[in-house]
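>>> below are the sequence and a predicted model; questions follow.
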Amino acid sequence: QKEVEQNSGPLSVPEGAIASLNCTYSDRVSQSFFWYRQYSGKSPELIMSIYSNGDKEDGRFTAQLNKASQYVSLLIRDSQPSDSATYLCAVNNGRQAGTALIFGKGTTLSVSS
Amino acid sequence: DARVTQTPRHKVTEMGQEVTMRCQPILGHNTVFWYRQTMMQGLELLAYFRNRAPLDDSGMPKDRFSAEMPDATLATLKIQPSEPRDSAVYFCASGPGSQETQYFGPGTRLLVL
């Protein structure tokens, strides 16, 4: 069974620090990778997507992908209390575009002021 | 501001009753997903549709759950009869189909007593 693994946390960082969230996946054919943020009681919100090996930066967020190691990470620079949420890693299920996603159970991030 | 809408937002019912949840995908999106989220299992795919045709419903308990898309603007998820173990948040998400990006609705919080 295809799996996406994340450390459940909580990951606690002080305000202004870098938060590093990690994810591993089991299916080598996966091509698309996503990070969603979910605040308590709310729905998941897409914050980053990455398709190629290497880094992709968007504001304070950097997604990193290493397909050989089947590893995806999300770095949040200058962490703010408003970043406190659960971060879900998602991986596409198959080679074809537009397939469903497999989600990890999420890592809870707590940023203290 | 295009959004996925879901109704009802909250539902409390008694065991054995029928529950119907509705979803309106973002206009122009041809792929619709139904997920269930619990603390224990995380976010699980129940079923998904492309161009109103079901592509995968393997995550759904077939004996009590059914999902349909009567038209391009409406997706439904029914549970009959409902059981206490069905208590969860049910999310609908839609996507453009050409890629895996998905946008989530606000969810239906279901409690079966």
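Noted; the coordinates are in hand.
>>> what's near enough to touch the nearest residue to A:I50 once chain neighbours are set aside?
Spatial nearest neighbour of A:I50, excluding adjacent residues (C-beta to C-beta, 6 or more residues apart in numbering or on different chains): A:A63 at 4.3 Å. Backbone N, C-alpha and C define where each C-beta goes, glycine included. Contacts for A:A63 were tallied using C-beta atoms under 8 Å, 6 or more residues apart in numbering or on different chains; they are A:33, A:35, A:48-50, A:55-56, A:72-75.
>>> which element is A:A63 on?
For A:A63, the host element (DSSP states H and E) is strand A:61-66.
>>> if you count neighbours, what's buried in that strand?
For strand A:61-66, a neighbour-count test (16 or more other C-beta atoms under 10 Å in any protein chain shown) marks A:61-65 as buried.
>>> among those residues, which two are most distant?
A:F61 and A:L65 (13.5 Å; C-beta to C-beta).
>>> next, count neighbours for the nearest residue to A:G9 once chain neighbours are set aside.
Nearest in space to A:G9, with sequence neighbours left out and distances taken as C-beta to C-beta, 6+ apart, is A:T108 at 4.2 Å. Burial of A:T108, expressed as a neighbour count using other C-beta atoms under 10 Å in any protein chain shown, amounts to 18.
>>> ok, the one 5 residues further on next?
Residue neighbour count, defined by other C-beta under 10 Å, stands at 8 for A:S113.
>>> so where do the strands sit in the chain?
Assuming you mean chain A. With strands called from DSSP state E, chain A shows them at A:4-5, A:11-14, A:19-25, A:33-38, A:45-50, A:54-58, A:61-66, A:71-76, A:85-92, A:101-103, A:107-112.
>>> actually chain B
Counting by DSSP E, chain B forms strands over residues B:5-7, B:10-13, B:19-24, B:31-38, B:42-50, B:53-56, B:65-71, B:74-79, B:88-95, B:103-104, B:108-112, given from the N-terminal end onward.
>>> in JSON lines: those, plus distance to A:L88.
As requested, these are exported to JSON lines (distance: least, C-beta to C-beta, whole Å):
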{"stretch": "strand B:5-7", "distance to A:L88": "18"}
{"stretch": "strand B:10-13", "distance to A:L88": "22"}
{"stretch": "strand B:19-24", "distance to A:L88": "20"}
{"stretch": "strand B:31-38", "distance to A:L88": "10"}
{"stretch": "strand B:42-50", "distance to A:L88": "7"}
{"stretch": "strand B:53-56", "distance to A:L88": "20"}
{"stretch": "strand B:65-71", "distance to A:L88": "22"}
{"stretch": "strand B:74-79", "distance to A:L88": "21"}
{"stretch": "strand B:88-95", "distance to A:L88": "12"}
{"stretch": "strand B:103-104", "distance to A:L88": "10"}
{"stretch": "strand B:108-112", "distance to A:L88": "18"}
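>>> fine by me, we can end here.
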